[in-house]
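Undergrad: sequence first, predicted coordinates after that:
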Amino acid sequence: MMRLGIAADHGGFELKRVLLDKLETAGYKIKDFGAHQLDGGDDYPDLVVPMALAVAKGEINRGIAICGSGVGACVVANKVRGIRAALITDHFSAHQGVEDDDMNVMCLGGRITGSALAWDLVQAFLGARFQGSERYVRRLRKVAEVDKKTE
């Protein structure tokens, strides 16, 4: 079974609670990186970075990061080497990001994306597998080179 991580600040807190319940009901093993209570003064980097580091280290397979718009969570997740995060708002990108780009963190906007759509997007993200064709592997090598050049 895939090991998942989830993290959200106050802007994504309610959506995280809904998704966490659905994921647990579906039988996923989940590590909740917080927030564990609603705190309007929390900051998404404090919650998303530990989750992204766990993905990068292989402690969990994929992550879901949620803030108000999803933008901040995506920006900070992508600062962690080895993370390929995207702000997802549609079904195609939810699975294509994994299939072609080996996306390992999906970011959502808790104030933007309704819970029914978010659940559909999460299912597409988790059901997708990296295709591993030569052109996708070649592109990911180039992305890894950018990481090395910009340390």
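TA: Received it, and whenever you're ready, just let me know what you need.
Undergrad: regarding this protein, what is its longest helix?
TA: What stands out as the longest helix in the chain, according to DSSP state H, is helix 134-149.
Undergrad: who does that one touch, helix- and strand-wise?
TA: When contacts are defined as 3 or more CB pairs under 8 Å, 6 or more residues apart in numbering; DSSP states H and E, helix 134-149 sits against helix 91-101. Just so you know, the C-beta spots here come from the backbone N, C-alpha and C atoms, and that holds for glycine as well.
Undergrad: hey, C-alpha coordinates of the helix or strand just after the helix it packs on in CSV?
TA: Counting by DSSP states H and E, the element after helix 91-101 in chain order, helix or strand, is strand 105-109. Output in CSV follows, covering the C-alpha atoms of strand 105-109 (Å, rounded to 0.1, in the frame of the first residue of the first chain):
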residue,chain,number,x,y,z
VAL,A,105,3.4,16.1,-4.4
MET,A,106,0.0,17.4,-5.3
CYS,A,107,-0.9,20.9,-4.1
LEU,A,108,-4.5,22.0,-3.7
GLY,A,109,-6.2,25.3,-2.8
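Undergrad: between the helix or strand of the chain with the lowest mean pLDDT and helix 91-101, how big is the angle?
TA: None of the helices or strands of the chain scores lower by mean pLDDT, DSSP states H and E than helix 134-149, at a mean of 92. Angle of helix 134-149 versus helix 91-101, following axes from the mean of the first three to the mean of the last three CA atoms, to 10 degrees, is 80 degrees.
Undergrad: give me the distance from helix 134-149 to the chain's centre.
TA: 20 Å (CA atoms, centre = their mean, to the nearest Å).
Undergrad: check stretch 11-24 too.
TA: Centroid separation for stretch 11-24 versus its chain: 13 Å, with CA atoms, centre = their mean.
Undergrad: wait, what's in contact with Ala124?
TA: Contacts for Ala124 (CB atoms under 8 Å, 6 or more residues apart in numbering) come out as 91, 94-95.
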